[in-house]
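A structural model of the following input is requested.
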Amino acid sequence: MELKSPHVLSDPATVNNKSRLGIHSSLLTYSQPDSPGKYSRTGSRKSAGSLDDVRSNGLLDAMMASSPPRKKLLKGSNTQVVSIDSDIEDYLSFMLEYPSALDSFDKIVDHAKNKKVAVFLDYDGTLSPIVDDPDRAFMSEAMRATVRSVARYFPTAIISGRSRDKVFDLVKLTELYYAGSHGMDIIGPFSQTPSNNYPNCVNTDHQGNETTLFQPAREFLPMIDEVFRTLVEITKDITGSIVENHKFCVSVHYRNVEENNWTTIGQRVHDTLKNYPRLRSTHGRKVLEVRPVIDWNKGKAVEFLLESLGLNDWDDVLPIYIGDDKTDEDAFKVLREGNRGCGILVSSMKKQSNALYSLRDPTEVKKFLQVLVNWKREEERKHGEN
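Predicted coordinates:
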C-alpha cells in the first residue's frame, strides 16, 4: 500500500531494523500449543531456539521492565524491613527529581500568570485506576465532576491510547476534546483550521455540528484490522490475553497472563509484525501496542491541539499534561523543550521521565485538578473586584 501521509517516516524498513523488531520475514501461522508456553508453525512444533528472538532483541526485557512485579514481603522478617526501606529510599530520591505537583502548585501557577492554561489528560492510570479488565477501567463520578469543572475554566483534552469512541464512552463529557489512538484520531469544534502542516485535516459534520477531523494514519485502517484479526486468532489459546482494536492501533494485554507465557505472547506479536514493515510494536504497562510507523505521537497531538485551539503562541500559553505511561513521555518531552509547559507524571514508583513534577495516583490527580480550578476561580474573583 502506498502511503501519502506526510507523517510517514521516509524509510520505515530502516527504522524497524534499528528497533527491537529485528528483520522482516514471512508471517507465521499458529496452531494450538503442544504444551503450555509452546506454539507450532503450520502444525509442527516450533523450534526452541527461535523463541529466543524476543530475548535477544530486548523485547522480553522491555516487557518485564514496564511491568515490575510487586515485592513479596514476609511479615516480621528482615526481608520486609529491607524491602520497605528500599522502597522508601527509592521514592524519596524520585520525589527529589520529580517533586509533587501538589506541593509545588504555587510554583506551577506562578508560570501561569498572564497566560492561558490548557489541560491535557491521559485516561488509564490517570483519570481511572489500572485494572485487570480494560473494559472496566471506570472513572469515578467525583473525577468526572472534577474534569467537567476543569473544562469549564480551561481548554481540556483527553489524549488516550484507546480508540476515540471508547474513551468518550468512558468519560462521557461533551465539553472536552478527544484524541484517541495515541493522538492519531482527533476531532473537535476547533476555533481555527490548522496550518498546511496537517493536510489530512478535513471539516466534517459530527452530530449536527461542524467539526475538524484529523486522522494522519487513516490509510493504515485496513492493515490494522487485518493485524487485529491475526493477533486475536494466534493468542486465543493463551489464557488471560486480551487483544483490543483501538482503530489506529492494536493493544495486546498480558496483565492476566502467567509470567512464563510472556515470552510466547511477545514472540507471536514479534513474528506477526515481520510481515508488516510499516507497523511497529511499543510497550506500556503490561501491554504491547502495534502502531503505524509514522512520525506521530502524543507530543505531536498536543502541538496539533494547541494550534487548532488558537493557543500556539508558546509565550502566551501554559500547557499542563498529566499522564502515567511511556507513551505520555513524548508529550512531556515537547513541553519540557524550551520550558514550554508542565508535564506531570502519575507514578508511585521511581522511574525516569521527561516530566517536571509527579502525582502518586488518580486520587492525587483529582486533588490537583480541584486545586487548579479553585485557583482559577480565585483569580477570576480578584479580577472581578478590580
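
Can you show me the helices along the stretch 201-350 of the chain?
Remark: helices assigned in the stretch 201-350 of the chain by DSSP state H, counting those that start in this stretch are 221-235, 262-273, 298-308, 329-336.

so can I have CSV of the ones you listed showing distance to Ala179, mean pLDDT and mean neighbour count?
The C-beta positions use only the backbone N, C-alpha and C, and glycine is treated the same way. Below are the helices of the stretch 201-350 of the chain laid out as CSV (distance: least, CB to CB, whole Å; pLDDT from 0 to 100; neighbours: other CB atoms under 10 Å):
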stretch, distance to Ala179, mean pLDDT, mean neighbour count
helix 221-235, 17, 97, 18
helix 262-273, 24, 94, 23
helix 298-308, 5, 95, 23
helix 329-336, 10, 96, 22
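
for those, which one sits closest to Glu289?
helix 262-273 (9.4 Å; CB to CB).

chain center to the closest one: distance?
The chain centroid and the centroid of helix 262-273 are separated by 21 Å under CA atoms, centre = their mean, to the nearest Å.

re earlier: closest one to Tyr178 among the helices of the stretch 201-350 of the chain?
Set against Tyr178 and scored by CB to CB, the helices of the stretch 201-350 of the chain come closest in helix 298-308, at 10.1 Å.

packing partners for that closest one?
The elements that helix 298-308 packs onto, with contact taken as 3 or more CB pairs under 8 Å, 6 or more residues apart in numbering; DSSP states H and E, are strand 116-121, strand 156-159, strand 177-180, strand 185-188, strand 317-323, helix 329-336.

Which helix runs longest in this protein?
helix 362-385 (DSSP state H).

low-confidence ranges in the protein?
Filtered on pLDDT under 70, the chain yields the residue ranges 1-62, 64-87, 193, 195-196, 205-210, 385-386.

Can you tell me which residue is spatially central in it?
Thr327 (4.1 Å; CA atoms, centre = their mean).

who touches Glu289 in this structure?
With contact set as CB atoms under 8 Å, 6 or more residues apart in numbering, Glu289 has these partners: 161, 182, 249-252, 281-283, 327.

And Val371, by the same measure?
Each residue near Val371 by CB under 8 Å, 6+ apart is listed here: 102, 105.

if we go to 6 Å?
Residues in contact with Val371 (CB atoms under 6 Å, 6 or more residues apart in numbering) are Phe105.

can you tell me how far it sits from Lys116?
Using CB to CB, to the nearest Å, Val371 is found at 18 Å from Lys116.

And for Gly125?
27 Å.

Export the helices and strands packed on helix 298-308 to CSV and append columns for distance to Cys342.
Converted to CSV, the helices and strands packed on helix 298-308 look like this (distance: least, CB to CB, whole Å):
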stretch, distance to Cys342
strand 116-121, 9
strand 156-159, 14
strand 177-180, 18
strand 185-188, 22
strand 317-323, 5
helix 329-336, 6
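
quick one, which of those is nearest to Gly299?
Among those, helix 329-336 sits nearest to Gly299 (CB to CB), with 3.7 Å.

between the closest one and strand 317-323, how many degrees?
150 degrees (axes from the mean of the first three to the mean of the last three CA atoms, to 10 degrees).

elements contacting helix 329-336?
Other helices and strands packing on helix 329-336, by 3 or more CB pairs under 6 Å, 6 or more residues apart in numbering; DSSP states H and E, are helix 298-308, strand 317-323.

Turn these into TSV, columns for distance to Ile242.
Formatted as TSV, the helices and strands packed on helix 329-336 follow (distance: least, CB to CB, whole Å):
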stretch	distance to Ile242
helix 298-308	22
strand 317-323	22
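
quick one, which of these is nearest to Val131?
Short answer: strand 317-323, nearest of those by CB to CB, at 17.2 Å.

That closest one pairs with which strands?
strand 116-121 (parallel), strand 342-346 (parallel) (DSSP bridges).

Nearest to Val227, out of those strands?
strand 116-121 (28.2 Å).

what angle sits between the closest one and helix 362-385?
160 degrees.

now the angle between helix 298-308 and strand 116-121, please.
Going by the same axes, to 10 degrees, strand 116-121 makes 140 degrees with helix 298-308.

which helices and strands sit right next to whichever helix or strand comes after strand 116-121?
Using DSSP states H and E, the helix or strand that follows strand 116-121 towards the C-terminus is helix 141-153. Using 3+ CB pairs under 6 Å, 6+ apart, the elements in contact with helix 141-153 are helix 362-385.

buried stuff in the helix it packs on?
For helix 362-385, burial by neighbour count (16 or more other CB atoms under 10 Å) applies to 362, 364-369, 372-373, 375-376.

send the alpha carbons of it over as PDB?
Once non-C-alpha atoms are left out, helix 362-385 reads as follows in PDB (Å, rounded to 0.1, in the frame of the first residue of the first chain):
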ATOM      1  CA  PRO A 362      -5.600   9.200  40.200                       C
ATOM      2  CA  THR A 363      -6.700  10.300  43.700                       C
ATOM      3  CA  GLU A 364      -3.900  12.900  43.700                       C
ATOM      4  CA  VAL A 365      -4.700  13.800  40.100                       C
ATOM      5  CA  LYS A 366      -8.200  14.700  41.200                       C
ATOM      6  CA  LYS A 367      -6.900  16.800  44.100                       C
ATOM      7  CA  PHE A 368      -4.500  18.600  41.800                       C
ATOM      8  CA  LEU A 369      -7.300  19.400  39.300                       C
ATOM      9  CA  GLN A 370      -9.500  20.600  42.100                       C
ATOM     10  CA  VAL A 371      -6.800  22.900  43.400                       C
ATOM     11  CA  LEU A 372      -6.300  24.200  39.800                       C
ATOM     12  CA  VAL A 373     -10.000  25.000  39.400                       C
ATOM     13  CA  ASN A 374     -10.100  26.700  42.800                       C
ATOM     14  CA  TRP A 375      -7.000  28.800  41.900                       C
ATOM     15  CA  LYS A 376      -8.700  29.900  38.600                       C
ATOM     16  CA  ARG A 377     -11.900  30.800  40.500                       C
ATOM     17  CA  GLU A 378     -10.000  32.900  42.900                       C
ATOM     18  CA  GLU A 379      -8.100  34.600  40.100                       C
ATOM     19  CA  GLU A 380     -11.400  35.500  38.400                       C
ATOM     20  CA  ARG A 381     -12.900  36.800  41.600                       C
ATOM     21  CA  LYS A 382      -9.800  39.100  42.200                       C
ATOM     22  CA  HIS A 383     -10.100  40.400  38.600                       C
ATOM     23  CA  GLY A 384     -13.800  40.900  39.100                       C
ATOM     24  CA  GLU A 385     -13.200  43.000  42.200                       C
END
